[in-house]
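>>> Sequence and predicted structure are below.
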Amino acid sequence: MARRLPARAVDAGVVAVAAAELVTVPDGVGPVVAASYLLAVAALAVRRRWPLAVALATVPAAASGYLWLAPMFALGTAAALSSRVLAYSCAAVMFLVAAAPATAAEARARSAHEWATVALGPALFSAGPTVLGRLARTRRELAEHLERLNAVRELEREQAAERAIVVERARMAREMHDVVSHQVNLIAVEAGVLALTSRDGRARDCGERIGELSSRTLDELRDMLGVLRAPARGGATAGLADLPALVAASGLPVRTDYRLATASSPPSPETAHAVFRIVQESLTNAAKHAPGSAVGLVIAGGPAHGTLSVEVTNGPPDDASRPPHPRRRRAPGHGLAGLRERAALLGGSVTAAPTADGGFTVRAELPYV
C-alpha cells in the first residue's frame, strides 16, 4: 500500500504552488489585487479546518480574472468537506465573480459569442475543482462504508462461531447426560437393592447414602445440562416474570425486595434472562452450601437509573440442616465464572464475596437496555 504524505506537507505544497502563481502574472497587477491574492494564499493553510470561510476569502482573488490557483484549491477543499448544496453554491459564486465584467459598459459591449467565450474559462475554473472535490468526498464515504461493512461481517463471523459453540456445547451436554446419567442410575439402583436386602446395618446405611448422593448427582447434572443448553440469544427464555416461581421452587426462606421501574420500558430479553440466571445460580449455591439459611433478594433499577442491580445474600448455614454424614469438600465450580462472563457480554459485572457473619453475597450490575 502506498504511503500518504502528511497533511502538513500537502498543505505546505499547496500554499507554495499557489504563491508561485503570483510570479506569472503581468507586471501591471495593482497592490489591491496582489494583497487579495496573498490573503487567499495565506488562508489555504487552514482550509481543512474552515473550508467555507477560506473559499469565501479567495473570492476577491477570483475576481481578478487570472489568479485562479488559490480559489481552485479552496473550492476543491470546500466541495470535499462540505455538503452538496454549500459546495455547489460556492462554485456558483466563484463562476459569477470570475465571469462578471469589470464595468457596465463592458457588459453592454459584449456580444453573445464574446459572453460564451468569456464564460468558458470561469466555468471550467469553478466546475473542475468542485467535481474533483465531490469525487474525493464520495471516495472517502465509500471507504468508510466498506470499513463499516467489514466490521459487520466480522461481527457476523463471530456470532456464527458463537452459535457453533452453543450447538457443540448442547451436543456434548446431551451425550454427557445420556452416558453419565445411565451409569449413575445404575449405581442408585444397586445402592437401593443393597439398602433393602442387606442384613448388615452399616451396609444398609452405606446403600442409603450412596442412593442419596446418586440422586443429588443426577439433580446437579440436570442443572448443568440446562445451563449448557440455554440459548445464548433470542427464543423464549426465562425472565423477570419467572422469578417468583423460581423463588417458590427453591424451597428456601427468601425475603424479596423488588424495586423495579419497568412499566414504561421493560429491559431487553437478554438482560432479563441474565437476571434470572444470576438469581437461579445464587439460590442453588445457597441451597448447596448454606442449607437452612435465610436468603435476601433485592432487585432494583429502571430506565431512569440506566442500570439493573441484583443482590442475593444468604446467611451462614444452619447446623441443624447439615447432612448427617460429612461430604467431601467440593472443588470450586464454574457457576460464578459463567455469570461473570454473561454479565460482561452485556457490559455489566458480577462480584461475589463472603459476609462478616459467615454468609455469602452475590452482586450484579447490568446496563438497563
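Done, it's in. Quantities reported herein were computed from a predicted structural model and do not represent experimental measurements.
>>> Where do the strands of the stretch 151-300 of the chain begin and end?
254-260, 295-301 (DSSP state E, counting those that start in this stretch).
>>> Tell me which of the ones you listed sits most buried.
With neighbours taken as mean count of other Cβ atoms under 10 Å, the strands of the stretch 151-300 of the chain reach their highest mean count in strand 295-301, at a mean of 19. C-beta coordinates here come from the backbone N, C-alpha and C atoms, glycine included.
>>> what about residue 171, neighbour count?
Residues contacting residue 171 under the criterion other Cβ atoms under 10 Å number 12.
>>> can you list the weak-confidence ranges in the stretch 51-200 of the chain?
65-66, 99-109, 111-119, 173-175, 177-179, 181-182 (pLDDT under 70).
>>> dump the residue contacts of residue 203.
For residue 203, the contact set (Cβ atoms under 8 Å, 6 or more residues apart in numbering) comprises residue 194.
>>> Could you tell me what pLDDT the model assigned to it?
Residue 203 is assigned a pLDDT of 81 by the prediction.
>>> And for residue 238?
With respect to pLDDT, residue 238 has a value of 77.
>>> Any buried residues in stretch 344-351, and which?
Under the neighbour-count criterion of 16 or more other Cβ atoms under 10 Å, stretch 344-351 has 346, 348, 350 buried.
>>> Let me see the mean pLDDT of that stretch.
Averaged over stretch 344-351, pLDDT sits at 90.
>>> neighbouring contacts of that stretch?
270-271, 274, 278, 307, 336, 339-340, 343, 362-367, 369.
>>> What are the buried residues along stretch 131-139?
133, 134, 137.
>>> for it, the distance to its chain's centre please.
30 Å (Cα atoms, centre = their mean, to the nearest Å).
>>> now, which of the buried residues of stretch 344-351 lie within strands?
The members of the buried residues of stretch 344-351 that map onto strands under DSSP state E are residue 350.
>>> buried subset of the contacts of stretch 344-351?
In terms of neighbour count (16+ other Cβ under 10 Å), the buried residues within these are 270-271, 274, 278, 336, 339-340, 343, 362-366.
>>> which one of the buried residues of stretch 344-351 sits closest to residue 141?
Distance to residue 141 across the buried residues of stretch 344-351 (Cβ to Cβ) is lowest for residue 346, with 32.6 Å.
>>> Any figure for the gap between the closest one and residue 367?
Between residue 346 and residue 367 the computed distance is 6 Å (Cβ to Cβ, to the nearest Å).
>>> shared neighbours of these two, which are they?
Common contacts of residue 346 and residue 367 (Cβ under 8 Å, 6+ apart): residue 271.
>>> ok, the closest residue to residue 214 other than its chain neighbours to residue 287 distance?
Nearest non-adjacent residue to residue 214, counting by Cβ to Cβ, 6 or more residues apart in numbering: residue 188, 3.7 Å away. From residue 188 across to residue 287, the span is 21 Å (Cβ to Cβ).
>>> Of the two, give the one with the bigger neighbour count.
With neighbours defined as other Cβ under 10 Å, residue 188 and residue 287 compare such that residue 188 has more, 19 against 16.
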